[in-house]
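Asker: could you look at this predicted model? Sequence included:
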Amino acid sequence: MDGEVMRTPLIAGNWKMHKTLTEARELVKGIREGIEGISGVEVLICPPFQHLLPMAGAIDGSPIMLGAQNAHYEPQGAFTGEVSVPMLKDAGCTHVILGHSERRQYFAEGGPLLAKKVRAAVAGGLNAIFCVGEILEEREAGRTQAVVERHISDVIRADVPAERLIIAYEPVWAIGTGRTATPGQAQEVQAFIRSMLASTYGQAMADAVRILYGGSVKPSNAADLLAQPDIDGALVGGACLVAADFAAIIKAAGIRAAASS
Ligand code: PEP
């Protein structure tokens, strides 16, 4: 890890539009049981808006943190169907995922809007998990670094506090496809992101910001991915919907954290 720089790993579960309330309660119960005794890892669940309040109750007394999958940039107003940062804070959220590729693809979210969302989230006291990553055609055209650089520079302003910012590198071709970036491919891009953060925003920011990998992370590949020096955790989709799988990924991060402390 960059010499002496230590960053606490974060394993975040993006539930997307999955789970009834009964299933959600079952899942959290299983995660709580599965992570007993694991330390040195931050654990986050990001259920649909509908389940935030009941899940805040379900995680009470556990180390699990609560996040949302999106937020509006205004604190209130006539924005039918939207949810604001103060509302998420009210519900017990500490984190929000912004700029997920599914939001970019299906809801046409892009740089200017995401810049407002990230600013509103951190100003409102949430930690922003900001997602970046290339589609397959961009990778094949050798444009991966240019794409992630643009995603970051379009949105991240120099005044974003490093402790409130988490970047998730999620190659779109690896999301929900079962096709994972190799640890080497992920590390190469994540090291690039860190060097870009250092040259654009300063070394302190680059050292402090955690960079997660996301894209078909599962128990069988988590340890190898998390062993990479610039992979500070994972944003997990499919595997976070199965308590035993999510707990196994968290355990892999705990083993990694213990080895490097
Ligand atoms: C995601 O949705 O952020 C994700 C990484 O999904 P999956 O783990 O299913 O690829």
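Answerer: Good, I have the coordinates.

Asker: is stretch 60-78 anywhere near the ligand?
Answerer: No: Stretch 60-78 lies apart from the ligand when judged by Cβ under 6 Å from any ligand atom; the minimum separation is 9.3 Å. C-beta coordinates here come from the backbone N, C-alpha and C atoms, glycine included.

Asker: cool, stretch 204-224 as well?
Answerer: Yes: if you take Cβ under 6 Å from any ligand atom as the test, stretch 204-224 does meet the ligand, through 214-217.

Asker: of all those residues, which two lie farthest apart?
Answerer: The span of the residues of stretch 204-224 next to the ligand, defined through Cβ to Cβ, is set by 214 and 216 at 8.5 Å.

Asker: look at these two and report which has more neighbours.
Answerer: residue 214 (28 against 20; other Cβ atoms under 10 Å).

Asker: quick check on that one: phi, psi?
Answerer: Reported as degrees, to the nearest 10, the phi and psi values for residue 214 are phi -140, psi 140.

Asker: so in terms of bridging, what pairs with it?
Answerer: residue 235 (DSSP bridges).

Asker: what parts of the protein come near the ligand?
Answerer: Checking the chain against the ligand by Cβ under 6 Å from any ligand atom, the hits are 14, 170, 175-176, 214-217, 235-239.

Asker: mind redoing it with 8 Å?
Answerer: 14, 16, 97, 100-102, 131, 168, 170, 174-178, 214-218, 234-240 (Cβ under 8 Å from any ligand atom).

Asker: of the residues you listed, keep whichever come out buried.
Answerer: 14, 16, 97, 100-102, 131, 168, 170, 174-175, 214-218, 234-240 (16 or more other Cβ atoms under 10 Å).
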